[in-house]
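>>> Following is a predicted model, sequence given first.
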Number of protein chains: 2
Amino acid sequence: MPRMVDTPAVAVDLDRLQANIRDMALFARDAGVALRPHVKAHKIKEIARQQKEAGAVGVTVAKLGEAEVMVEAGITDILIAYQVIGEVKLRRLADLVRRAKVTVAVDSIAGARELSMLAQTVGQSLQVVIEVDTGLKRCGVLPGEETLALARQLLGMAGLQFAGIMTHAGHVYGAASSAEVAAIGQQEGELMVAAANLLRSQGIGVEVVSVGSTPTAKIAGLVPGVTEIRPGNYVFYDAIQHGLGVVALERCALSIWTTVISKPAPGRLVVDAGSKTFALDRGAHGNAVVQGHGVIKGYPGLTLTRLSEEHGIIEGEPLVTALVEVGQQLEVIPNHACPVINLTDQVLVTKREEVVGVWPVDARGQVR
Amino acid sequence: MPRMVDTPAVAVDLDRLQANIRDMALFARDAGVALRPHVKAHKIKEIARQQKEAGAVGVTVAKLGEAEVMVEAGITDILIAYQVIGEVKLRRLADLVRRAKVTVAVDSIAGARELSMLAQTVGQSLQVVIEVDTGLKRCGVLPGEETLALARQLLGMAGLQFAGIMTHAGHVYGAASSAEVAAIGQQEGELMVAAANLLRSQGIGVEVVSVGSTPTAKIAGLVPGVTEIRPGNYVFYDAIQHGLGVVALERCALSIWTTVISKPAPGRLVVDAGSKTFALDRGAHGNAVVQGHGVIKGYPGLTLTRLSEEHGIIEGEPLVTALVEVGQQLEVIPNHACPVINLTDQVLVTKREEVVGVWPVDARGQVR
C-alpha cells in the first residue's frame, strides 16, 4: 500500500494559482481598472497577500468577520460589499474603521442612517458605496432614479462620504453559453456607467464604478467608465466556470483528493468525500453547465452522480468502474470552489502533485 | 435598537432537544432494541453525553475523526458505520481501538483484509459488522447470498470478530408520503432479519441486526429480530423530517436566527444567512417535501426562495413583506439540520427564546 495523503483533502496547485493571480492582475493593469478581489473565494491570508503583491488595491469581503481576518493579514483597504445591519455589527464596524480604510455597501435609507450614526459616534467619516442591482435581484437599488434618490439622501447624512456605486452581476451564473456571459458582462458595465453619469449630471461626484464576478470581470472591466473589478473565484476557477466557458479545465487550481472505499456493484464506486467536502452547488441553472458534482480527473467516463454527507457515488460503464480499485485515490475538480473552501480547515499546497505546504483557511465559517 | 444576538446564529431549544432525546430512548426501551444514535446530526459532546445518560448503549459515527472526538467525550462504545480504507486511517484506527470498544462496517473483501492485518498488528481482535444495502444503492452488499458470502470470508480472517449486520435505509428521504416512509421502514427491518436468519441457517452467529435513519427507526425498530436502531437527526428534527410526516414542526429543536438586511423591492426581503449557514439541501426529491430553504416561523406567507452563500432571498406578497423591517430578526427551521451543524462552530442553547448557554460543535468538519 503506497504511503498516501489522508482523504478527503482539498489541494491547491500553486503554479496554477499563481498564474491565475498574475493573469487577472495583468488584465486589470492593461484595462486601467483597479483590481479588488473578493476573498470569499479563498479565505486565506497568504493568497490575499499574493493578490496584493500582484497589484490588487485592496480586497472585497462579504462579512465583517472576513474583514477582521484580512486586517490581521495586513490588508488595510477593504470593501465590505454587504449591508452592515444590526447593533452588534455596528460596534464591530466601529472597531474596524479605526484599524483600516473600510468602505461599506448600502442599499437602504434605514441602513445608511445606522452607518451615519456610527460615523458620528466614532468621530470619523465612513466611506460608502451604493449597491446597485444590475439583474441579480438580490440586494441593491435599481440603476437610474432609485440610485439617484438614494445618493441624494446619503449626501445629506452626517459622517458618510459617498464614494460611488458597486454591483455584482451574479445572475451570470444562470447563463447557458459564453455568448450569454458576454452579454451580461457588457450590460453590467454599461448600466453602471450610465447610472454613474446620471448622478454626475445632477452634480454628484462618483469616484468608484465597481463591477464584480469572475465570469464578467474581463468583459465589464473593459467598458469605458468602469473603475474597478472585484472577481473572487478566478484564483481557483472550478467546473462551473469551465462550464460557462470562462476557462479551460487545465486552469482550475483547486481539487479534492478522495479515496475509493467501496465497489458495491458493477458500474458503481463510492468515495470518502460527500457534500461535507464538495458542497451541493450545481450552478444557478441546475445541470445546465455541469455534469454531476465535479470533474473526475483522468476518468471522463465516470460521473459523480450523487452525494450524501460523507459519501460520493460515482457511476459509469461497468468496464470503466472495474478499472478502479478500493483504496485508489481520485482527484476531482469541484463544481464550485468557494463552498469547498468554506468546508475545510486547511488546504494542501501542491506543486506538480507533490505536497509542499499547508495553508489554514483563516476566514472559514466567518458568516457574521 | 434592541440589544440582539449577532446573526446569523444557530440555536438549539433545550426543552425540545431533551424531549426528543427522551422520546427516542423510551421508544427503544419499550421496543427492546438497543439505541446507538448517529452523532453526525449534532457533533456535540454534551448532546452525546445526554443521549448516553438517557439510555443509549453507545454512538454511531461516520468518520474516524468523529469517533476520536467522541472518545474524548467519554463515549467508549462506538460503531464506525463506514468503510475504513487507507493506510493513514488504519493507523488512526489502531490507536482508537486501544482506547474504546470500536466496531467497524465492512462491505468488501479488500476492506476486510486491511482490517484483519490491522487487528493482527495491534494484537487485538476487531469487531466488524457487514454493511448491507437495503435499497439506498450506496455502500453495502445485497441481503441474501452476497451477505452470506462476505460473512463466510470474514469468519476466515484472523483478528476479525464478526458481530452481525447493519444497514441505513437512506432512500427513505426520497419518499413522497408517510405511508411510503412506513413501507420502506418495514422492508428495511424485514430484509435485515431475513438476511440474519439466512446466515444463522448456515451456522453463522449473528448478534447485531442494526437498522438506521430517523424516519424509519420507529418502524424498522419494531420488526421482531432487529436488535438495534441508529437514528441521528431525531435530536433536532427539521423541515425535511416534517415534510416526510415524521414529526410536527413544533418538535424541531434547531433553528437559524437571521437579520433582514435589505428590502430592495416589493415582495422581496434579503436576510444575512445564505448557503454558508443553511446549506443547500432540499431533500432527496427536490421540492417534493419542502418548500424553499426552510420554514420561517411566524410568517407562513413568506418563502426562503433562493440562497447565495451569504444572502437568503425571501419572497412573498408585497403586503406581507411590507410588515417586516430592515434590522428585524427572523427565525427559520432549516430543511436539513445535519449540514447546518457542520457549518457552524457553535450553537446557542436557548430556553423559551432566552440564550442560556453556548455549545461548541466539537466534531464539526471531521470528514476524515
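Received, thanks. What you are looking at is a predicted structure, and each value in this text was computed from that prediction instead of being measured.
>>> which parts of the stretch 151-300 of chain A sit against chain B?
Listed as neighbours of chain B in the stretch 151-300 of chain A under the rule Cβ under 8 Å from any Cβ of the partner chain: A:170, A:259-265, A:268, A:270, A:272-273, A:275-277, A:279-281. Any C-beta I mention is one placed from the backbone N, CA and C, and that applies to glycine too.
>>> Go through the residues you listed and flag which are in helices.
A:275-277 (DSSP state H).
>>> hmm, who's touching stretch A:95-106?
By Cβ atoms under 8 Å, 6 or more residues apart in numbering or on different chains, the list of residues contacting stretch A:95-106 from outside reads A:58, A:64, A:67-68, A:71, A:75-84, A:93, A:112, A:115, A:122, A:124, A:126-131, A:139, A:150, A:154, A:163, A:166, A:208.
>>> need the contact list for the closest residue in space to A:I204 that isn't next to it in sequence.
Spatial nearest neighbour of A:I204, chain neighbours left out: A:A151 (5.4 Å); criterion: Cβ to Cβ, 6 or more residues apart in numbering or on different chains. Taking Cβ under 8 Å, 6+ apart, we find A:A151 in contact with A:130, A:162, A:199, A:204.
>>> I figured A:I75 was touching A:V61, is that so?
No: A:I75 lies out of contact with A:V61 (Cβ atoms under 8 Å); the separation is 9.3 Å.
>>> ok, those two, which is more surrounded?
The neighbour count for A:I75 versus A:V61, taken as other Cβ atoms under 10 Å in any protein chain shown, is higher for A:V61 (28 against 22).
>>> Would you check that the more buried one makes contact with A:M70?
Yes: judged on Cβ under 8 Å, A:V61 makes contact with A:M70 at a distance of 6.3 Å.
>>> hey, what's in contact with both of these two?
By the contact definition Cβ under 8 Å, 6+ apart, A:V61 and A:M70 are jointly contacted by A:39, A:78.
>>> Can you tell me what sits against stretch A:118-129?
With Cβ under 8 Å, 6+ apart as the criterion, stretch A:118-129 contacts A:79, A:90, A:93-94, A:97-98, A:101-106, A:112, A:115-116, A:154, A:158-166, A:208, A:210.
>>> same thing but at 7 Å, please
A:90, A:93-94, A:97, A:103-106, A:115, A:154, A:158-166, A:208, A:210 (Cβ atoms under 7 Å, 6 or more residues apart in numbering or on different chains).
>>> Please apply the same query to stretch A:308-326.
A:258, A:260-263, A:266-271, A:273-276, A:278, A:293, A:296, A:299, A:301-306, B:40, B:62-63, B:82, B:85, B:108, B:110-111, B:138-139, B:170, B:338-339, B:367.
>>> mind listing what's buried in it?
Of all the residues in stretch A:308-326, those buried under the rule 16 or more other Cβ atoms under 10 Å in any protein chain shown are A:308-316, A:320-321, A:324, A:326.
>>> quick one: A:D13 and A:L348, what's the gap?
Using Cβ to Cβ, to the nearest Å, we find A:D13 at a distance of 10 Å from A:L348.
>>> cool, and A:V247?
If you go by Cβ to Cβ, the gap between A:V247 and A:L348 works out to 22 Å.
>>> Which strand or helix spans A:V129?
strand A:126-132 (DSSP states H and E).
>>> Dump that strand to PDB, restricted to CA.
Extracted in PDB, the C-alpha atoms of strand A:126-132 (Å, rounded to 0.1, in the frame of the first residue of the first chain):
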ATOM      1  CA  LEU A 126     -17.200  56.400   6.800                       C
ATOM      2  CA  GLN A 127     -16.900  55.800   3.100                       C
ATOM      3  CA  VAL A 128     -20.000  54.200   1.500                       C
ATOM      4  CA  VAL A 129     -20.900  52.900  -2.000                       C
ATOM      5  CA  ILE A 130     -24.400  52.300  -3.200                       C
ATOM      6  CA  GLU A 131     -25.200  48.700  -4.100                       C
ATOM      7  CA  VAL A 132     -26.900  48.600  -7.500                       C
END
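>>> Just give me how far that strand sits from the chain centre.
Chain-centre distance of strand A:126-132: 19 Å, with Cα atoms, centre = their mean, to the nearest Å.
>>> for stretch A:301-318, same thing?
With Cα atoms, centre = their mean, you get 26 Å for stretch A:301-318.
>>> Between the two ends of it, how far is it?
End-to-end distance of stretch A:301-318: 10 Å, with Cα to Cα, to the nearest Å as the criterion.
>>> any idea of the mean pLDDT in the strand holding A:V129?
The average pLDDT within strand A:126-132 is 98.
>>> Please enumerate the helices of chain A.
Counting by DSSP H, the helices of chain A are A:14-31, A:45-53, A:64-72, A:87-97, A:109-122, A:145-155, A:178-201, A:214-220, A:239-243, A:275-278, A:318-321, A:337-343.
>>> ok, A:E145 - how many residues close by?
A:E145: 11 neighbours (other Cβ under 10 Å).
>>> again, but for A:E354
Using other Cβ under 10 Å, the number of residues around A:E354 comes to 8.
>>> Over to A:P231?
Neighbourhood size, A:P231 [other Cβ under 10 Å]: 26.
>>> Now do the contacts for it.
A:24, A:37-38, A:212-214, A:217.
>>> can you tell me how far A:T305 sits from A:G267?
11 Å.
>>> With A:V355 instead?
32 Å.
>>> Could you pick out the buried ones from the contacts of stretch A:95-106?
A:58, A:64, A:67-68, A:71, A:75, A:77-84, A:93, A:112, A:115, A:122, A:126-131, A:139, A:150, A:154, A:163, A:166, A:208.
>>> farthest-separated two in the buried residues of stretch A:308-326?
Using Cβ to Cβ, the pair of those lying farthest apart is A:E309 and A:V320, separated by 25.9 Å.
>>> picking that back up, indicate which one of the helices of chain A is closest to A:V5.
Closest among the helices of chain A, using Cβ to Cβ: helix A:275-278, at 13.6 Å.
>>> Just name whatever secondary elements that closest one is in contact with.
Applying 3 or more Cβ pairs under 7 Å, 6 or more residues apart in numbering or on different chains; DSSP states H and E, one finds that helix A:275-278 contacts helix A:337-343.
>>> one more time with 10 Å, if that's ok
Helix A:275-278 is packed against strand A:9-13, strand A:254-265, strand A:303-307, strand A:312-315, strand A:329-334, helix A:337-343, helix B:337-343, with contacts defined by 3 or more Cβ pairs under 10 Å, 6 or more residues apart in numbering or on different chains; DSSP states H and E.
>>> excluding its backbone neighbours, what's nearest A:L249?
Counting by Cβ to Cβ, 6+ apart, A:H242 is the residue found nearest to A:L249 once chain neighbours are left out, at 5.1 Å.
>>> Determine the number of other residues adjacent to the one you found.
Around A:H242 there are 20 residues (other Cβ under 10 Å).
>>> so it touches A:H336, yeah?
No: counting by Cβ atoms under 10 Å, A:H242 stays clear of A:H336, with 11.4 Å between them.
>>> before we move on, back to that, now do the same for the residue nearest to A:L249: its pLDDT.
At A:H242, pLDDT is 95.
>>> again, but for A:N287
pLDDT at A:N287 comes out at 58.
>>> so what's A:G292 up against?
A:239, A:278, A:282, A:302-307, A:312-315, A:332, A:335 (Cβ atoms under 10 Å, 6 or more residues apart in numbering or on different chains).
>>> Generate a ChimeraX selection restricted to the buried subset of those residues.
Paste this into ChimeraX to select the buried members of the contacts of A:G292, with burial taken from 16+ other Cβ under 10 Å:
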select /A:239,278,282,302,303,304,306,307,312,313,314,315,332,335
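>>> Which of the contacts of A:G292 scores worst on pLDDT?
A:R282 (87).
>>> Which residues are in contact with it?
A:239-240, A:243, A:288-293, A:335-336, B:280.
>>> Go again with 7 Å.
Taking Cβ under 7 Å, 6+ apart as the criterion, A:R282 is in contact with A:290, A:335.
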